[in-house]
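J.: Let me see the structure of the following:
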Amino acid sequence: MQTPKIALAAALAMGATPVRAEEAPKAEGGSDTTFTLGEIVVTANRMAGSTDNVLTSVDRLGGDVAQRANVNYAWELVGRLPGVLVTNFNQGATSGKFSFRGFNGEGEINAVKLLIDGIPSNSNDGNMPYIDQVFPLDIAGIEVVRGTSDPRYGLHTIAGSADIKTRIGSTYADARLAGGSFGTYEGQLSAGLETGKVSQNYLVAYRKSDGYRRHGDLDRLSLAGKWFFNPNEDVRIGAIARYYKSNAQEPGYLTFADSRSDPRMTNAYNASDGDKREIQQYSLHFDNSLTDMLDFTAKAYFNRFRDDRYVKFSAGAAQQRRVTNEDHWGVMGALHYHTSLAGMPLMAEVGGDTQWQDDVSLRYTAVNRVPTAQTRDQRFKLSVGGVYGQLILEPAPWLRITPAWRWDWVGGSFLNRLTGRPAPINDYGTISQPKLSVALNPLKGLTVYGNYGKSFQIGLASGAYLIPPRTINLDPSINEGWELGVKYALGEVFEGRVAAWEQTATGEIKRKLNDPLGDSENVGATRRHGFDLQLSGRPVTGLSLWGALTWQKAIITTPDPATPQYKGNEIDHVPHWLWSGGVDFTGLPKVRLSLWANGQSSYWLTSANSAANGGKFGNYTMINAEVAYTLNDQIELALSAKNLADTFYEYAWWDGAQTLHSPGDGLNVTGSVRVRF
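T.: Next comes the predicted model:
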């Protein structure tokens, strides 16, 4: 790991997302492994760092679907995509997250790399607080990449990545006012102004809600500005700034009996629980189409996260004050070249990224927000950098082969400020990750694809450092995965994809969520496998249907020596089945009708897989609906209902002595007016 200046120079020597309006060069074989919900608007040529160069299961949610959504937080939108597990804690700012490929959303192993406009947006522990700053009206699309074969990203890309793309460019004014159940009201304004070579885009958004459960008030404010300059058709220079602030109460977790008798209640001992959160994110973007065959992209960014939370998990536990202060900055880039060799299309890409973190983690015991003792005072620095190379070969019009390799390195230091004792980071060495993807196109519209790759997991927070009594450096946990899939598209009439996948890990570790030190513990070797099925169709004009089904299983194949009885057991909070589907009807003048549903099967609360340790919870099916009426070209009125059948659903966990429950929102209705110019 070199100095920031050297790393920045290296990043600027690599990479690009060109800005010309024509489509990016496509493989002659026409390989397509994507599944799309809604409309995707392509406004720029994409080559360097593009998902178009990745042959794995890719899902995209269109901006049209996202912008009309009524959600408390944007992570709920990702749950509209096939095979995505959403974990809804429903605890104020600690609201929830998404995951996939057999990983749960507990926060023990955060296996998804989150990006916002291509900028890394995970906290140190891999969680996704930066997603809070994104509001639906400003979303241009969401892209989810699954598996281990994508070489573009390293840290946190254990099972894949998700990139939320916001609206950049064009001239428009788009406002949405909404109000509904639980004292909820919201205002969003997304606007753009493009004049000549300069574009400006802005977001102002605010949401206030009393919450479904008592003591569940929240208010959220988000501001964003995006400025881009195109001196010519081949160059784009830009800057993005975001600021977010929220205050939220926490209703707490209920006993089983209370959750069934009064799911909207809160406990008296949670009366002072709540969270104050502030997020800032700033980034610089540079794209250049150097020639017709060579493209370059580079980004530099700074992320700041401040969180101050008071939480009491049960009557017998002490209230905790948890303070997190994190500053992350980094650079990333890629250089993409395409040509032909003896008549064979050939593409090559090299890229890399590096990130530095300066993090502080404080914890206290408290009584009604009055600290009584400090249990943690840690400052730790982490640096992670990686480089990759990738080839795209097309030896025949129906065959595409993509070998790639990525290498990552880790550095850092740790200081326990309560004791004054420092600790070095584990010597993880060079983390090597070979990858290979192959796609065949035997018939028009048909893609048969397979991929293989390795990704990695390291310890997070204090778990990344050699803190006594540990004296032996830990190896990174290596995830090795493969996928086989078939995608078929018949124009816009039908699209379907089925894929089988597996992912194994050596020496998997997970965070101890309530540990004073913030340490990790060994899970052992694991195996995750499953299949995904996605279908969509437009049988007649004005009617769209889609559906998805995922089966998955995550087991411990070689347990930690301390828990040999866990051999063959399932990992907690991973349901076997996930399903979703919906229908949109626009066959009537000025009217849009939408009906969609999603659900999951139950999961074990602990890896002990026994009733004595919590048993199983979590199964549900939820139905949602929306009707919209277009008054004219500028104004649309909408009425949406979530959890139409008022289904009881919940998040549940085991605290070592009892199950604790957080019921989800009941039936709620929202009315909105959207004005566009």
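J.: Flag the shaky bits of this protein, pLDDT-wise.
T.: 1-30, 40-46 (pLDDT under 70).
J.: go with 80
T.: For the chain, the stretches flagged by pLDDT under 80 are 1-31, 38-47.
J.: Where is the longest strand in it?
T.: In the chain, assigned by DSSP state E, the strand with the most residues is strand 370-396.
J.: strands paired with that one, and their directions?
T.: Using DSSP bridges, the strands paired with strand 370-396 are strand 344-367 (antiparallel), strand 399-416 (antiparallel).
J.: Any chance of a markdown table for the ones you listed, columns distance to residue 595 and mean neighbour count?
T.: (Glycine included, C-beta is placed from N, CA and C.) A markdown table is the format used below for these (distance: least, CB to CB, whole Å; neighbours: other CB atoms under 10 Å):
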| stretch | distance to residue 595 | mean neighbour count |
| --- | --- | --- |
| strand 344-367 | 42 | 19 |
| strand 399-416 | 38 | 20 |
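J.: and those as TSV, adding distance to residue 206?
T.: Below are the strands paired with strand 370-396 laid out as TSV (distance: least, CB to CB, whole Å):
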stretch	distance to residue 206
strand 344-367	29
strand 399-416	38
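J.: Just the strands from the stretch 451-600 of the chain, written as ranges.
T.: Remark: strands assigned in the stretch 451-600 of the chain by DSSP state E, counting those that start in this stretch are 477-490, 494-511, 520-540, 543-559, 577-585, 591-600.
J.: so which of those strands gets nearest residue 469?
T.: strand 520-540 (13.8 Å; CB to CB).
J.: partners of the closest one, with directions?
T.: strand 494-511 (antiparallel), strand 543-559 (antiparallel).
J.: can you pull out the strands in the stretch 1-150 of the chain?
T.: According to DSSP E, counting those that start in this stretch, the strands that the stretch 1-150 of the chain contains are 34-37, 58-62, 85-91, 94-99, 112-116, 119-120, 139-146.
J.: tell me what the last one is packed against?
T.: Think strand 139-146. On a contact count with 3 or more CB pairs under 8 Å, 6 or more residues apart in numbering; DSSP states H and E, strand 139-146 meets strand 58-62, helix 63-67, helix 75-78, strand 160-166.
J.: if we can go back for a sec, and the strands of the stretch 1-150 of the chain as CSV, adding distance to residue 500?
T.: Shown next, in CSV, are those (distance: least, CB to CB, whole Å):
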stretch, distance to residue 500
strand 34-37, 15
strand 58-62, 16
strand 85-91, 18
strand 94-99, 19
strand 112-116, 20
strand 119-120, 30
strand 139-146, 12
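J.: any chance of those in JSON lines, plus mean neighbour count and distance to residue 251?
T.: Shown next, in JSON lines, are the strands of the stretch 1-150 of the chain (neighbours: other CB atoms under 10 Å; distance: least, CB to CB, whole Å):
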{"stretch": "strand 34-37", "mean neighbour count": "22", "distance to residue 251": "32"}
{"stretch": "strand 58-62", "mean neighbour count": "22", "distance to residue 251": "29"}
{"stretch": "strand 85-91", "mean neighbour count": "22", "distance to residue 251": "7"}
{"stretch": "strand 94-99", "mean neighbour count": "23", "distance to residue 251": "11"}
{"stretch": "strand 112-116", "mean neighbour count": "24", "distance to residue 251": "26"}
{"stretch": "strand 119-120", "mean neighbour count": "24", "distance to residue 251": "32"}
{"stretch": "strand 139-146", "mean neighbour count": "23", "distance to residue 251": "28"}
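J.: Tell me which of these sits nearest to residue 422.
T.: strand 119-120 (26.7 Å).
J.: Report the strands that pair with that closest one, each with its relative direction.
T.: strand 112-116 (antiparallel).
J.: now the strand it pairs with against strand 160-166, angle please.
T.: 10 degrees (axes from the mean of the first three to the mean of the last three CA atoms, to 10 degrees).
J.: can you list contacts of strand 112-116?
T.: Contacts with strand 112-116, where a contact means CB atoms under 8 Å, 6 or more residues apart in numbering, come from 98-100, 103, 120-122, 126, 128, 130-131, 133-134, 153, 155-164, 166, 242, 281.
J.: re earlier: buried residues in the longest strand of the chain, which are they?
T.: 371, 375-380, 382-388, 390, 392-394 (16 or more other CB atoms under 10 Å).
J.: Format the helices and strands packed on strand 139-146 as a markdown table; extra columns: distance to residue 660.
T.: Below are the helices and strands packed on strand 139-146 laid out as a markdown table (distance: least, CB to CB, whole Å):
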| stretch | distance to residue 660 |
| --- | --- |
| strand 58-62 | 32 |
| helix 63-67 | 32 |
| helix 75-78 | 22 |
| strand 160-166 | 28 |
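J.: following the strand or helix carrying residue 220, which helix or strand shows up next?
T.: In the assignment (DSSP states H and E), residue 220 maps to strand 218-232. Moving toward the C-terminus from strand 218-232, the next helix or strand (DSSP H and E) is strand 235-249.
J.: starting at the chain centroid, how far to that next one?
T.: 17 Å (CA atoms, centre = their mean, to the nearest Å).
J.: Over to stretch 257-265?
T.: On CA atoms, centre = their mean, the centre of stretch 257-265 falls 31 Å from the chain's centre.
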